[in-house]
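Q: With the input below, show me the fold.
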Amino acid sequence: MTDPASSARGPRPVERGQVLAWGLWDWGSSAYNAVVLTFVFGPYLTGAVGDDLPGDVSANSWLAWAIALAGVVLAVAAPVLGARADAAGRRRRAVGVWTALTVATMAGLVAVRDDYRDLALGLVLLALGSIFFELASVSYNAVLRQVSTPATIGRVSAFGWALGYIGGIVLLLAVYAGFIAGDGPVRGLLEVETDGGWNIRLVALVAAVWFAVFAVPMLLVVPEVAPAPEARPRGVVSAYRALWRDLRTLYRSDPHTLYFLGASALFRDGLAAVFTFGGVLAVTVYGLGAGDVLVFGVAANVAAAVGALVAGRIDDRAGPKVVIVASLLGMIVAGFVLMTLSGAVGFWVFGLALCLFVGPAQSSARTYLVRLCPPGQEGELFGLYATTGRAVSFLAPTLVGAFSYLFATDRAGIAGILVVLAAGLVALWPVRPPAKTPSRRVAPQ
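A: Numbers count the residues shown, from 1 in each chain. Presented below is the predicted three-dimensional model:
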């Protein structure tokens, strides 16, 4: 493949096979986000494993705080690990290593029985999986410019997100039909026993295999980037010193890049919370059963995929800021209405409306940064992107847990998500939209 820096000299052809291989990682990663964290194992952990948990703190609050702690760890680790991988030309290897560790934690969930004494194990594995998955995503997102041109970044990014949503649909349908559908002591077409949550635990194992298989094409087809010519090994202390120098340089040379990093950190935390707690709230607040949550998950992924694909073309024409602002406004309105309703029908209507806007906001946030980033410095800015995101990633989960605890109802947790989305929208509003072709460059260290 042509060196990424060549994009500064004009558009270059991109091999469709590499775009597809890159997108298949998103397809596979849906196993963690859609199946494990949101629609199957997360609700199982809070609704079945933690059902008889003693004490005043609900399993939902414990899950929120576990994810929040994972965010704190990521804020500390991401700048060092991401910068070292990119500078050394090991971006693809970094994706492979962190993906393998994510798969290992997913497979480990098979040991979490339907017993509140196993809640701690489930929380630890989900927290570790969140850390490893986000670290893999840092280097994966940095590859976007390698498989796109300035004129197609929006569509390629949306293609990846859409594949992720569609992959989630396929896997959710498969595990629902095979392991969850029906009643009684055995479930699904495979007639798997439910004793001790065995059928749900096997779903986690299937999801781990799914992610591992579909991560392989990118690791084989998309070539590694060359190491930075001036790169030198950095210790922990020097890595953080370089991070602060980069932040100061960004503030002097292009403060709007820094403003976007801060604004996106807020609204991305709200977007992540929608998927983290959507399935849990469906069960505990709106009365959906395990099977209904799976069906809703399929519909939610369809809505998000359609939204992302449509918005990808708008992104390439009108720019990513238009897409993000419209999406956040739509989510806030839908979420506020949802918070005032009860019952499954209201959740279906406004929950799907919420998901329709999630895909465009996620995809265009990624293209926004790529358009801001000078060619050849994707890893550095995506490292900062991850760092700023992780620095506040505790915010939405903590507010969900705190609101649920203070008002003694899980419904109040929705307000915590809306507060974070609104804060992100307010912070993004004055940020200058990116140019179609990035030309600025962060001063070398």
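Q: what pLDDT does the residue nearest the centre of the chain get?
A: With distances taken as C-alpha atoms, centre = their mean, the residue of the chain nearest its centroid is residue 272 (5.8 Å). At residue 272, the pLDDT value in this model is 83.
Q: going forward can the numbers begin at 39, since that is how I track them
A: With 39 as the first residue, the last one maps to residue 310.
Q: buried set for the one helix or strand it maps to?
A: Counting by DSSP states H and E, the element that carries residue 310 is helix 293-322. Going by neighbour count (16 or more other C-beta atoms under 10 Å), the buried part of helix 293-322 is 294-322. In this view, the C-beta of every residue, glycine as well, is placed from N, C-alpha and C.
Q: same thing with stretch 181-200?
A: Buried, per 16+ other C-beta under 10 Å, within stretch 181-200: 181-188, 190-200.
Q: Then stretch 440-450?
A: 440-443, 448-450.
Q: Which ones among the residues you listed map onto helices?
A: 440-443 (DSSP state H).
Q: Out of those residues, which comes closest to residue 132?
A: Residue 132 has its nearest neighbour among these in residue 440, at 34.2 Å by C-beta to C-beta.
Q: Need the pLDDT of the residue lying closest to residue 322 once chain neighbours are set aside.
A: Nearest residue to residue 322, sequence neighbours excluded (C-beta to C-beta, 6 or more residues apart in numbering): residue 448, at 4.5 Å. Per-residue pLDDT puts residue 448 at 81.
Q: residues in contact with residue 448?
A: Contact analysis of residue 448 by C-beta atoms under 8 Å, 6 or more residues apart in numbering lists 96, 98, 318-319, 322-323, 442.
Q: The residue nearest to the centre of the chain and residue 432 touch, don't they?
A: No: judged on C-beta atoms under 8 Å, residue 310 makes no contact with residue 432 at a distance of 11.3 Å.
Q: for stretch 386-403, what is the average pLDDT?
A: Mean predicted lDDT for stretch 386-403 stands at 90.
Q: Next: stretch 89-99.
A: 78.
Q: gap between the two ends of it?
A: Counting by C-alpha to C-alpha, to the nearest Å, you get 13 Å between the two ends of stretch 89-99.
Q: for stretch 180-195, same thing?
A: Span of stretch 180-195 from end to end, C-alpha to C-alpha: 11 Å.
Q: Could you pull up the residues touching residue 112?
A: 168-169, 172-173, 424, 428, 431 are the contacts of residue 112 under C-beta under 8 Å, 6+ apart.
Q: Filter those residues down to just the ones in helices.
A: 168-169, 172-173, 424, 428.
Q: Can you tell me which one of the residues you listed sits lowest on pLDDT?
A: residue 428 (69).
Q: sorry, back to before: residue 107: which of the ones in helices among the buried residues of stretch 440-450 is nearest?
A: So of these, ranked by how close each gets to residue 107 (C-beta to C-beta), first place is residue 440, at 14.3 Å.
Q: isn't the closest one right up against residue 450?
A: No: contact criterion C-beta under 8 Å: residue 440 and residue 450 do not qualify, at 9.0 Å.
Q: returning to what we had before: how about TSV for the contacts of residue 448, with distance to residue 471 added?
A: Below are these laid out as TSV (distance: C-beta to C-beta, whole Å):
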residue	distance to residue 471
96	42
98	38
318	35
319	34
322	40
323	37
442	37
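Q: wait, residue 231 sits on residue 237?
A: Yes: here residue 231 reaches residue 237: they are 6.8 Å apart, a contact under C-beta under 8 Å.
Q: More neighbours: which of the two?
A: Neighbour count, other C-beta atoms under 10 Å: between residue 231 and residue 237, residue 237 has more, with 25 against 13.
Q: which ones are touching that one?
A: 217-218, 225-226, 230-231.
Q: go on, residue 228?
A: Taking C-beta under 8 Å, 6+ apart as the definition, contacts of residue 228 comprise 216-217.
Q: element containing it, please.
A: Using DSSP H and E, no helix or strand contains residue 228.
Q: Pop out the phi and psi values for it.
A: Main-chain torsions, residue 228, degrees, to the nearest 10: phi -90, psi 0.
Q: What separation do you get for it and residue 241?
A: 11 Å (C-beta to C-beta, to the nearest Å).
Q: Also residue 64?
A: From residue 64 to residue 241 the distance is 20 Å (C-beta to C-beta).
Q: The two: who's more crowded?
A: Neighbour count, other C-beta under 10 Å: between residue 64 and residue 241, residue 241 has more, with 30 against 25.
Q: quick one: buried residues of the host helix or strand of the more buried one?
A: Element membership for residue 241 (DSSP H and E) is helix 236-259. Residues of helix 236-259 classed as buried: 236-242, 244-246, 248-250, 252-253, 255-256, 259 (neighbour count, 16+ other C-beta under 10 Å).
Q: which residues does residue 213 contact?
A: Neighbours of residue 213 in contact, by C-beta under 8 Å, 6+ apart: 73, 78, 241, 244-245, 332.
Q: now residue 443
A: Contacts of residue 443 (C-beta under 8 Å, 6+ apart): 95-96, 99.
Q: what's the offset of the helix holding residue 241 from the middle of its chain?
A: 17 Å (C-alpha atoms, centre = their mean, to the nearest Å).
Q: going on from it, what's the next piece of helix or strand?
A: In N-to-C order, the element after helix 236-259 by DSSP H and E is helix 274-291.
Q: chain center to stretch 216-226: distance?
A: The answer for stretch 216-226 is 30 Å, by C-alpha atoms, centre = their mean.
Q: same check, this time on stretch 302-311
A: 9 Å.
Q: Can you classify residue 93 as helix, strand or coil?
A: State at residue 93, reduced to three classes by DSSP: H, G, I helix; E, B strand; the rest coil: coil.
Q: From residue 99, how far off is it?
A: Counting by C-beta to C-beta, the gap from residue 93 to residue 99 is 10 Å.
Q: Which of those two has more residues huddled nearby?
A: Remark: of residue 93 and residue 99, residue 99 carries more neighbours, 22 against 7, as counted by other C-beta under 10 Å.
Q: what's the spacing between the more buried one and residue 441?
A: Counting by C-beta to C-beta, the gap from residue 99 to residue 441 is 10 Å.
Q: One more: residue 296?
A: For residue 296, the distance to residue 441 - C-beta to C-beta - is 30 Å.
Q: likewise residue 196?
A: 32 Å.
Q: Without its sequence neighbours, what residue ends up closest to residue 252?
A: Per C-beta to C-beta, 6+ apart, closest to residue 252 is residue 66, 2.9 Å.
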